[in-house]
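> Structure, please.
(one chain, ligands or ions: 1)
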Amino acid sequence: MPNALLRMVVAVGGLAVSGAAFADDNVINLGMILPMTGPSASTGKQEQAGAMLYMQQHGDVVAGKKIVLIVKDDTGAPDVTKRIAEELIGNDKAKALLGFGLTPLALAVAPVATEAKVPEIVTAAGTAMITEKSPFIARTSFTLPQAAQPMAEWALKNNIKKVVTVVTDYGPGVDAEKWFSEPFTKGGGQVVEKIRVPLKNPDFAPFLQRVKDDAPDAVFVFVPSGFGAAFMKQFVDRGLDKSGVKLIGTGDVTDDDLLPQMGEAALGAITTHHYSAAHDSPENKTFVADFEKANDGMRPNFMAVGAYDGMALIYHALEATKGSTDGEALIAAMKGAKWISPRGPVSIDPDTRDIVQNIYVRKVDKVDGKLFNVEFDKVEAVKDPFKAAGN
Ligand code: DHB
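Got it, this is the predicted structure:
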(Lines give C-alpha, C1' and ligand atoms only; values in the text may rest on other atoms or scores of the structure.)
Protein backbone atom coordinates (compact mmCIF):
# COMPACT_ATOMS: atom_id res chain seq x y z
CA MET A 1 0.00 0.00 0.00
CA PRO A 2 1.43 3.41 -0.83
CA ASN A 3 2.52 5.32 2.24
CA ALA A 4 0.09 8.18 1.62
CA LEU A 5 -2.85 5.78 1.85
CA LEU A 6 -1.47 4.15 4.96
CA ARG A 7 -1.14 7.51 6.63
CA MET A 8 -4.87 7.96 6.29
CA VAL A 9 -5.56 5.07 8.67
CA VAL A 10 -2.96 6.15 11.18
CA ALA A 11 -4.07 8.76 13.65
CA VAL A 12 -1.57 10.60 15.76
CA GLY A 13 -3.13 12.11 18.85
CA GLY A 14 -6.47 10.46 18.06
CA LEU A 15 -7.28 12.92 15.32
CA ALA A 16 -8.43 10.75 12.49
CA VAL A 17 -10.10 7.41 13.14
CA SER A 18 -13.88 7.70 13.15
CA GLY A 19 -16.05 5.95 15.74
CA ALA A 20 -18.07 4.15 13.10
CA ALA A 21 -15.07 2.13 11.98
CA PHE A 22 -14.85 0.40 15.34
CA ALA A 23 -18.29 -1.18 15.22
CA ASP A 24 -17.26 -3.24 12.22
CA ASP A 25 -16.44 -6.84 13.22
CA ASN A 26 -14.01 -7.09 10.36
CA VAL A 27 -11.80 -4.32 11.69
CA ILE A 28 -9.14 -4.90 14.34
CA ASN A 29 -7.84 -1.80 16.06
CA LEU A 30 -4.31 -1.83 17.43
CA GLY A 31 -3.22 0.92 19.81
CA MET A 32 0.32 2.20 19.57
CA ILE A 33 1.41 4.51 22.42
CA LEU A 34 4.64 6.45 21.94
CA PRO A 35 6.48 9.58 23.05
CA MET A 36 6.04 11.70 19.90
CA THR A 37 7.14 14.83 21.77
CA GLY A 38 9.72 15.47 24.51
CA PRO A 39 13.26 14.10 24.89
CA SER A 40 12.35 10.61 23.59
CA ALA A 41 10.51 11.89 20.49
CA SER A 42 13.12 10.22 18.25
CA THR A 43 12.01 6.88 19.68
CA GLY A 44 8.39 7.70 18.84
CA LYS A 45 9.26 8.76 15.30
CA GLN A 46 11.35 5.64 14.62
CA GLU A 47 8.81 3.29 16.21
CA GLN A 48 5.85 4.71 14.30
CA ALA A 49 7.78 4.51 11.03
CA GLY A 50 8.81 0.91 11.78
CA ALA A 51 5.23 -0.23 12.44
CA MET A 52 3.92 1.62 9.37
CA LEU A 53 6.57 0.07 7.16
CA TYR A 54 5.53 -3.41 8.29
CA MET A 55 1.94 -2.65 7.25
CA GLN A 56 3.08 -1.10 3.99
CA GLN A 57 5.07 -4.22 3.09
CA HIS A 58 2.60 -6.84 4.38
CA GLY A 59 -0.74 -5.18 3.74
CA ASP A 60 -3.45 -4.21 6.22
CA VAL A 61 -5.55 -7.36 6.03
CA VAL A 62 -4.75 -10.36 8.26
CA ALA A 63 -6.92 -13.48 8.50
CA GLY A 64 -9.64 -11.59 6.64
CA LYS A 65 -9.66 -8.67 9.09
CA LYS A 66 -8.63 -5.10 8.38
CA ILE A 67 -5.91 -3.82 10.70
CA VAL A 68 -6.14 -0.21 11.85
CA LEU A 69 -3.15 1.21 13.70
CA ILE A 70 -4.06 4.05 16.06
CA VAL A 71 -0.96 5.97 17.17
CA LYS A 72 -1.15 8.21 20.25
CA ASP A 73 1.39 10.52 21.86
CA ASP A 74 1.91 10.01 25.61
CA THR A 75 4.56 12.79 25.76
CA GLY A 76 6.70 10.38 27.79
CA ALA A 77 4.54 10.71 30.94
CA PRO A 78 3.49 7.37 32.57
CA ASP A 79 0.12 8.63 33.86
CA VAL A 80 -0.74 9.73 30.32
CA THR A 81 0.39 6.37 28.90
CA LYS A 82 -1.90 4.56 31.32
CA ARG A 83 -4.89 6.78 30.60
CA ILE A 84 -4.43 6.40 26.84
CA ALA A 85 -4.15 2.60 27.23
CA GLU A 86 -7.46 2.54 29.11
CA GLU A 87 -9.11 4.72 26.46
CA LEU A 88 -7.77 2.64 23.59
CA ILE A 89 -9.14 -0.53 25.15
CA GLY A 90 -12.38 0.96 26.52
CA ASN A 91 -13.40 3.33 23.72
CA ASP A 92 -11.57 2.09 20.65
CA LYS A 93 -11.79 -1.63 21.55
CA ALA A 94 -8.09 -2.06 20.73
CA LYS A 95 -7.17 -5.75 20.70
CA ALA A 96 -3.47 -5.27 21.33
CA LEU A 97 -1.32 -2.39 22.51
CA LEU A 98 2.25 -1.80 21.42
CA GLY A 99 5.06 0.75 21.69
CA PHE A 100 6.04 2.43 25.03
CA GLY A 101 9.23 4.44 24.60
CA LEU A 102 10.69 4.08 28.09
CA THR A 103 10.52 1.50 30.89
CA PRO A 104 8.22 3.51 33.22
CA LEU A 105 5.75 3.92 30.33
CA ALA A 106 5.65 0.17 29.64
CA LEU A 107 5.26 -0.57 33.36
CA ALA A 108 2.34 1.88 33.70
CA VAL A 109 0.30 -0.21 31.23
CA ALA A 110 1.01 -3.65 32.76
CA PRO A 111 -1.96 -3.62 35.20
CA VAL A 112 -4.26 -2.37 32.42
CA ALA A 113 -3.21 -5.25 30.13
CA THR A 114 -3.72 -7.79 32.91
CA GLU A 115 -7.13 -6.44 33.90
CA ALA A 116 -8.43 -6.21 30.31
CA LYS A 117 -6.64 -9.39 29.09
CA VAL A 118 -5.23 -7.45 26.15
CA PRO A 119 -1.68 -8.19 24.90
CA GLU A 120 0.89 -5.45 25.56
CA ILE A 121 3.76 -5.72 23.10
CA VAL A 122 6.84 -3.93 24.42
CA THR A 123 8.69 -2.78 21.31
CA ALA A 124 11.15 -0.25 22.80
CA ALA A 125 11.80 -0.59 26.55
CA GLY A 126 14.58 -2.82 27.84
CA THR A 127 14.49 -3.32 31.63
CA ALA A 128 14.57 -7.08 32.14
CA MET A 129 11.75 -7.41 34.68
CA ILE A 130 9.07 -5.68 32.55
CA THR A 131 7.71 -8.94 31.09
CA GLU A 132 7.18 -10.28 34.63
CA LYS A 133 4.69 -7.51 35.41
CA SER A 134 1.85 -9.01 33.36
CA PRO A 135 1.20 -12.41 31.73
CA PHE A 136 -0.12 -10.39 28.74
CA ILE A 137 3.25 -8.73 28.00
CA ALA A 138 5.53 -9.94 25.19
CA ARG A 139 8.65 -8.09 24.06
CA THR A 140 10.21 -7.51 20.64
CA SER A 141 12.88 -4.98 21.66
CA PHE A 142 15.68 -6.38 23.84
CA THR A 143 16.81 -6.49 27.44
CA LEU A 144 19.80 -4.61 28.80
CA PRO A 145 21.24 -7.74 30.46
CA GLN A 146 21.04 -9.43 27.03
CA ALA A 147 23.16 -6.66 25.48
CA ALA A 148 25.46 -5.80 28.42
CA GLN A 149 26.74 -9.25 29.36
CA PRO A 150 28.38 -9.92 25.95
CA MET A 151 30.13 -6.52 26.27
CA ALA A 152 31.77 -7.72 29.53
CA GLU A 153 32.92 -10.88 27.78
CA TRP A 154 34.39 -8.92 24.87
CA ALA A 155 36.18 -6.48 27.21
CA LEU A 156 37.74 -9.32 29.23
CA LYS A 157 39.09 -10.92 26.06
CA ASN A 158 40.44 -7.64 24.70
CA ASN A 159 42.82 -6.46 27.37
CA ILE A 160 40.42 -4.03 29.05
CA LYS A 161 41.15 -4.33 32.75
CA LYS A 162 39.92 -1.14 34.41
CA VAL A 163 36.49 0.33 33.61
CA VAL A 164 34.27 3.17 34.82
CA THR A 165 30.56 2.66 34.14
CA VAL A 166 28.30 5.63 33.31
CA VAL A 167 24.59 4.85 33.05
CA THR A 168 21.32 6.75 33.06
CA ASP A 169 19.82 6.33 36.50
CA TYR A 170 16.66 4.25 35.97
CA GLY A 171 15.68 0.64 35.21
CA PRO A 172 17.63 -0.09 32.01
CA GLY A 173 20.73 1.80 33.22
CA VAL A 174 20.76 -0.11 36.50
CA ASP A 175 20.39 -3.38 34.54
CA ALA A 176 23.20 -2.41 32.16
CA GLU A 177 25.53 -1.48 35.04
CA LYS A 178 24.89 -4.75 36.89
CA TRP A 179 25.03 -7.08 33.89
CA PHE A 180 28.25 -5.51 32.66
CA SER A 181 29.96 -5.13 36.06
CA GLU A 182 29.21 -8.52 37.57
CA PRO A 183 30.54 -10.75 34.77
CA PHE A 184 33.41 -8.31 34.14
CA THR A 185 34.51 -8.41 37.79
CA LYS A 186 34.00 -12.17 38.00
CA GLY A 187 36.29 -12.57 34.99
CA GLY A 188 39.09 -10.59 36.67
CA GLY A 189 38.28 -7.05 35.50
CA GLN A 190 38.00 -4.05 37.81
CA VAL A 191 35.15 -1.53 37.87
CA VAL A 192 36.76 1.47 39.57
CA GLU A 193 33.68 3.67 39.69
CA LYS A 194 29.97 3.31 38.91
CA ILE A 195 28.40 6.63 37.90
CA ARG A 196 24.67 7.18 37.46
CA VAL A 197 23.40 10.25 35.57
CA PRO A 198 19.81 11.53 35.95
CA LEU A 199 17.34 10.73 33.15
CA LYS A 200 15.85 14.23 33.24
CA ASN A 201 18.00 17.04 31.79
CA PRO A 202 21.24 15.07 31.95
CA ASP A 203 24.50 17.00 32.14
CA PHE A 204 27.27 14.51 31.49
CA ALA A 205 30.14 17.00 31.87
CA PRO A 206 30.87 16.65 35.62
CA PHE A 207 30.57 12.87 35.39
CA LEU A 208 32.90 12.74 32.41
CA GLN A 209 35.47 14.79 34.30
CA ARG A 210 35.41 12.08 36.99
CA VAL A 211 35.94 9.45 34.27
CA LYS A 212 38.95 11.42 33.02
CA ASP A 213 40.41 11.64 36.52
CA ASP A 214 39.97 7.89 37.06
CA ALA A 215 41.92 7.22 33.81
CA PRO A 216 40.39 3.77 33.14
CA ASP A 217 41.10 1.61 30.07
CA ALA A 218 37.47 2.10 29.03
CA VAL A 219 34.22 3.80 29.94
CA PHE A 220 31.14 1.57 29.67
CA VAL A 221 28.07 3.65 28.78
CA PHE A 222 24.32 3.23 28.71
CA VAL A 223 22.12 6.17 27.74
CA PRO A 224 18.65 5.71 26.24
CA SER A 225 18.07 6.14 22.53
CA GLY A 226 18.12 9.83 21.61
CA PHE A 227 20.66 10.85 24.27
CA GLY A 228 23.83 9.54 22.58
CA ALA A 229 24.70 12.71 20.64
CA ALA A 230 24.68 14.89 23.80
CA PHE A 231 26.87 12.33 25.52
CA MET A 232 29.34 12.23 22.62
CA LYS A 233 29.55 16.01 22.43
CA GLN A 234 30.49 16.26 26.10
CA PHE A 235 32.87 13.29 25.73
CA VAL A 236 34.72 15.34 23.09
CA ASP A 237 34.41 18.65 25.03
CA ARG A 238 36.17 17.00 28.00
CA GLY A 239 38.93 15.74 25.70
CA LEU A 240 38.10 12.12 26.44
CA ASP A 241 38.27 11.16 22.78
CA LYS A 242 41.98 12.04 22.83
CA SER A 243 42.71 10.63 26.30
CA GLY A 244 43.09 6.98 25.31
CA VAL A 245 39.95 5.98 27.26
CA LYS A 246 38.06 3.55 25.04
CA LEU A 247 34.32 3.98 24.63
CA ILE A 248 32.34 0.74 25.09
CA GLY A 249 28.68 0.11 25.89
CA THR A 250 25.39 -1.28 24.78
CA GLY A 251 24.47 -0.01 21.31
CA ASP A 252 22.01 2.61 22.60
CA VAL A 253 24.78 5.25 22.76
CA THR A 254 25.72 4.83 19.09
CA ASP A 255 22.09 4.68 17.99
CA ASP A 256 21.83 4.61 14.17
CA ASP A 257 19.42 7.56 14.21
CA LEU A 258 22.03 9.94 15.67
CA LEU A 259 25.28 8.25 14.67
CA PRO A 260 25.67 10.05 11.31
CA GLN A 261 25.84 13.40 13.18
CA MET A 262 28.18 12.27 15.96
CA GLY A 263 31.38 12.93 14.07
CA GLU A 264 34.81 11.33 14.16
CA ALA A 265 34.82 11.05 17.99
CA ALA A 266 32.51 8.05 17.72
CA LEU A 267 34.97 6.19 15.47
CA GLY A 268 36.24 3.03 17.13
CA ALA A 269 33.51 2.82 19.80
CA ILE A 270 32.75 -0.84 20.52
CA THR A 271 29.19 -1.74 21.44
CA THR A 272 27.07 -4.87 21.77
CA HIS A 273 23.48 -4.80 20.51
CA HIS A 274 20.80 -6.62 18.58
CA TYR A 275 20.49 -4.33 15.55
CA SER A 276 22.66 -2.28 13.23
CA ALA A 277 21.44 -0.61 10.04
CA ALA A 278 24.64 -2.09 8.54
CA HIS A 279 23.57 -5.69 9.36
CA ASP A 280 24.46 -7.72 6.32
CA SER A 281 21.40 -9.76 5.32
CA PRO A 282 18.94 -9.61 2.42
CA GLU A 283 16.08 -8.96 4.87
CA ASN A 284 17.89 -5.97 6.34
CA LYS A 285 18.88 -4.53 2.97
CA THR A 286 15.22 -4.49 1.94
CA PHE A 287 14.16 -3.12 5.34
CA VAL A 288 16.66 -0.24 5.27
CA ALA A 289 15.96 0.66 1.64
CA ASP A 290 12.16 0.62 2.10
CA PHE A 291 12.39 2.50 5.41
CA GLU A 292 14.57 5.24 3.94
CA LYS A 293 12.30 5.54 0.92
CA ALA A 294 9.18 5.90 3.07
CA ASN A 295 10.77 8.38 5.49
CA ASP A 296 12.70 10.95 3.46
CA GLY A 297 16.02 9.15 3.86
CA MET A 298 15.84 8.63 7.64
CA ARG A 299 18.05 5.75 8.72
CA PRO A 300 16.23 3.10 10.81
CA ASN A 301 17.56 2.36 14.29
CA PHE A 302 16.87 -0.46 16.77
CA MET A 303 13.63 1.23 17.82
CA ALA A 304 12.27 1.02 14.26
CA VAL A 305 13.10 -2.68 14.18
CA GLY A 306 11.50 -3.28 17.58
CA ALA A 307 8.21 -1.82 16.31
CA TYR A 308 8.45 -3.55 12.91
CA ASP A 309 8.85 -6.87 14.72
CA GLY A 310 6.07 -5.95 17.17
CA MET A 311 3.74 -5.77 14.17
CA ALA A 312 5.23 -9.02 12.81
CA LEU A 313 4.39 -10.72 16.10
CA ILE A 314 0.81 -9.40 16.15
CA TYR A 315 0.26 -10.45 12.51
CA HIS A 316 1.69 -13.89 13.30
CA ALA A 317 -0.63 -14.29 16.31
CA LEU A 318 -3.73 -13.16 14.38
CA GLU A 319 -2.94 -15.63 11.61
CA ALA A 320 -2.51 -18.40 14.19
CA THR A 321 -5.87 -17.59 15.85
CA LYS A 322 -7.51 -17.22 12.41
CA GLY A 323 -8.47 -13.67 13.27
CA SER A 324 -9.76 -14.31 16.80
CA THR A 325 -8.83 -11.39 19.03
CA ASP A 326 -9.23 -13.21 22.34
CA GLY A 327 -6.31 -11.88 24.41
CA GLU A 328 -5.41 -15.24 25.95
CA ALA A 329 -5.41 -16.93 22.52
CA LEU A 330 -3.26 -14.15 21.07
CA ILE A 331 -0.62 -14.26 23.80
CA ALA A 332 -0.58 -18.09 23.62
CA ALA A 333 0.07 -17.84 19.86
CA MET A 334 2.95 -15.42 20.48
CA LYS A 335 4.79 -17.88 22.73
CA GLY A 336 7.37 -19.73 20.66
CA ALA A 337 6.80 -17.59 17.53
CA LYS A 338 9.87 -17.53 15.26
CA TRP A 339 10.71 -15.36 12.29
CA ILE A 340 13.54 -13.75 10.38
CA SER A 341 13.80 -10.11 11.39
CA PRO A 342 15.97 -7.45 9.74
CA ARG A 343 18.22 -8.01 12.80
CA GLY A 344 18.54 -11.78 12.09
CA PRO A 345 16.65 -14.83 13.40
CA VAL A 346 14.42 -14.15 16.43
CA SER A 347 11.91 -16.05 18.55
CA ILE A 348 9.69 -15.42 21.56
CA ASP A 349 10.75 -17.49 24.57
CA PRO A 350 7.57 -19.40 25.52
CA ASP A 351 8.50 -19.29 29.22
CA THR A 352 9.31 -15.59 29.59
CA ARG A 353 7.63 -13.97 26.52
CA ASP A 354 10.91 -12.17 25.92
CA ILE A 355 12.73 -12.08 22.61
CA VAL A 356 15.60 -14.49 21.92
CA GLN A 357 18.06 -12.99 19.44
CA ASN A 358 21.67 -12.67 18.32
CA ILE A 359 23.76 -10.03 20.04
CA TYR A 360 26.38 -8.55 17.74
CA VAL A 361 29.71 -6.97 18.64
CA ARG A 362 30.15 -3.82 16.53
CA LYS A 363 32.69 -1.12 15.92
CA VAL A 364 31.86 2.38 14.70
CA ASP A 365 33.50 2.71 11.31
CA LYS A 366 33.03 4.57 8.05
CA VAL A 367 31.17 2.82 5.25
CA ASP A 368 31.07 4.87 2.03
CA GLY A 369 32.04 7.91 4.10
CA LYS A 370 29.23 7.53 6.66
CA LEU A 371 29.41 6.28 10.25
CA PHE A 372 27.89 2.87 10.95
CA ASN A 373 28.00 0.23 13.67
CA VAL A 374 29.88 -2.44 11.72
CA GLU A 375 29.25 -5.92 13.13
CA PHE A 376 32.35 -8.15 13.49
CA ASP A 377 31.31 -10.88 15.93
CA LYS A 378 28.13 -12.30 17.42
CA VAL A 379 26.69 -14.41 20.23
CA GLU A 380 23.81 -16.44 18.82
CA ALA A 381 20.29 -16.89 20.21
CA VAL A 382 20.80 -15.00 23.48
CA LYS A 383 18.00 -15.34 26.04
CA ASP A 384 17.51 -12.64 28.65
CA PRO A 385 20.15 -13.59 31.26
CA PHE A 386 18.21 -11.96 34.13
CA LYS A 387 15.42 -14.52 33.77
CA ALA A 388 17.80 -17.33 32.81
CA ALA A 389 19.42 -16.71 36.24
CA GLY A 390 16.09 -17.56 37.88
CA ASN A 391 14.76 -14.05 38.55
C1 DHB B 1 14.96 2.08 27.32
C2 DHB B 1 14.86 3.20 26.50
C3 DHB B 1 15.76 3.39 25.49
O4 DHB B 1 15.69 4.46 24.69
C5 DHB B 1 16.79 2.48 25.26
O6 DHB B 1 17.66 2.72 24.29
C7 DHB B 1 16.87 1.35 26.06
C8 DHB B 1 15.95 1.16 27.09
C9 DHB B 1 14.00 1.90 28.43
O10 DHB B 1 13.50 2.90 28.98
O11 DHB B 1 13.74 0.75 28.80
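> who in the stretch 101-250 of the chain is up against the ligand?
With Cβ under 6 Å from any ligand atom as the criterion, the stretch 101-250 of the chain meets the ligand at residues Leu102, Thr103, Ala124, Ala125, Gly126, Thr127, Gly171, Pro172, Pro224, Ser225. Placement of C-beta: from N, CA and C, glycine included.
> Which of these fall within helices?
Thr103, Gly171, Pro172 (DSSP state H).
> Most neighbours among these, please name it.
With neighbours taken as other Cβ atoms under 10 Å, the top of these is Pro172, carrying 28 neighbours.
> List the residues that contact it.
Thr103, Ala125, Gly126, Thr127, Leu144, Phe222, Pro224 (Cβ atoms under 8 Å, 6 or more residues apart in numbering).
> Please enumerate the helices of this protein.
Going by DSSP H, the chain shows helices at 3-9, 19-23, 41-58, 78-90, 103-116, 144-157, 171-186, 205-214, 228-237, 282-294, 302-320, 327-334, 385-388.
> where's the residue lying closest to Ser181 once chain neighbours are set aside relative to the ligand, distance?
Spatial nearest neighbour of Ser181, excluding adjacent residues (Cβ to Cβ, 6 or more residues apart in numbering): Val191 at 4.7 Å. According to Cβ to the nearest ligand atom, to the nearest Å, Val191 stands 21 Å off from the ligand.
> what's the burial count for Val191?
Neighbours around Val191, by other Cβ under 10 Å: 18.
> now the residues of the stretch 101-250 of the chain next to the ligand in a markdown table, with pLDDT and distance to Val367?
Below are these laid out as a markdown table (pLDDT from 0 to 100; distance: Cβ to Cβ, whole Å):
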| residue | pLDDT | distance to Val367 |
| --- | --- | --- |
| Leu102 | 98 | 30 |
| Thr103 | 98 | 32 |
| Ala124 | 98 | 26 |
| Ala125 | 98 | 29 |
| Gly126 | 98 | 26 |
| Thr127 | 98 | 32 |
| Gly171 | 98 | 33 |
| Pro172 | 98 | 28 |
| Pro224 | 98 | 25 |
| Ser225 | 96 | 21 |
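> now, which of those sits nearest Gly38?
When those are compared for distance to Gly38 (Cβ to Cβ), Leu102 wins out at 9.9 Å.
> any weak-confidence spans in this structure?
1-23 (pLDDT under 70).
> Any idea what Arg362 is bridged to?
Note on Arg362: beta-bridge partners by DSSP bridges are Thr271, Glu375.
> What are the neighbouring residues in contact with it?
Gly251, Thr254, Ile270, Thr271, Thr272, His273, Ser276, Ala278, Asn373, Val374, Glu375, Phe376.
> How much space separates it from the ligand?
On the measure of Cβ to the nearest ligand atom, Arg362 and the ligand end up 15 Å apart.
> In the contacts of Pro172, find the pair that's most separated.
Across these, the longest distance by Cβ to Cβ is 13.2 Å; it joins Ala125 and Phe222.
> before we move on, the earlier item: which of the helices of the chain is buried the deepest?
Highest mean neighbour count of these: helix 302-320, a mean of 26 (counted as mean count of other Cβ atoms under 10 Å).
> could you check the angle helix 282-294 makes with that one?
110 degrees (axes from the mean of the first three to the mean of the last three Cα atoms, to 10 degrees).
> Now Val122. Nearest residue, chain neighbours left out?
Per Cβ to Cβ, 6+ apart, closest to Val122 is Arg139, 4.3 Å.
> Could you count how many residues lie near Pro135?
Number of residues near Pro135 (other Cβ under 10 Å) recorded here: 16.
> show me what contacts it?
Thr114, Ile331, Arg353.
> and the second one, what does it touch?
When contacts are counted by Cβ under 8 Å, 6+ apart, Ile331 touches Pro119, Pro135, Phe136, Ala138, Ala317, Arg353.
> One more: the last one?
Residues near Arg353 by Cβ under 8 Å, 6+ apart: Thr131, Pro135, Ile137, Ala138, Arg139, Ile331, Met334, Lys335.
> now swap in Val356 and tell me
Residues counted as contacts of Val356 (Cβ under 8 Å, 6+ apart) are Val346, Ser347, Ile348, Asp349, Ala381, Val382, Lys383.
> shouldn't the fifth one be in contact with Asn358?
Yes. Under the contact definition of Cβ atoms under 8 Å, Ala381 touches Asn358, with a separation of 6.7 Å.
> Name the residues contacting each of these two.
If you check Ala381 and Asn358 against Cβ under 8 Å, 6+ apart, the residues they both contact are Pro345.
> I am assuming Phe180 contacts Glu153, so please confirm or correct that.
No. Using Cβ under 8 Å, Phe180 is not in contact with Glu153, being 10.0 Å away.
> which non-adjacent residue is nearest Val118?
Counting by Cβ to Cβ, 6+ apart, the residue nearest Val118 is Gly327, at 5.0 Å.
> any idea how far the one you found lies from Ala152?
From Gly327 across to Ala152, the span is 38 Å (Cβ to Cβ, to the nearest Å).
> picking up where we left off before, more neighbours: which of Ala381 and Asn358?
Taking neighbours as other Cβ under 10 Å, Ala381 and Asn358 compare with Asn358 leading, 19 against 13.
> so what's the more buried one up against?
Going by Cβ under 8 Å, 6+ apart, Asn358 touches His274, Arg343, Gly344, Pro345, Lys378, Val379, Glu380, Ala381, Val382.
> how much space between it and Glu177?
Relative to Glu177, Asn358 is positioned 23 Å away (Cβ to Cβ).
> thinking again about what came up before, how about the residues of the stretch 101-250 of the chain next to the ligand in CSV, adding distance to Asn295?
Rendered in CSV, the data for those read as follows (distance: Cβ to Cβ, whole Å):
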residue, distance to Asn295
Leu102, 22
Thr103, 26
Ala124, 17
Ala125, 22
Gly126, 23
Thr127, 28
Gly171, 29
Pro172, 26
Pro224, 21
Ser225, 16
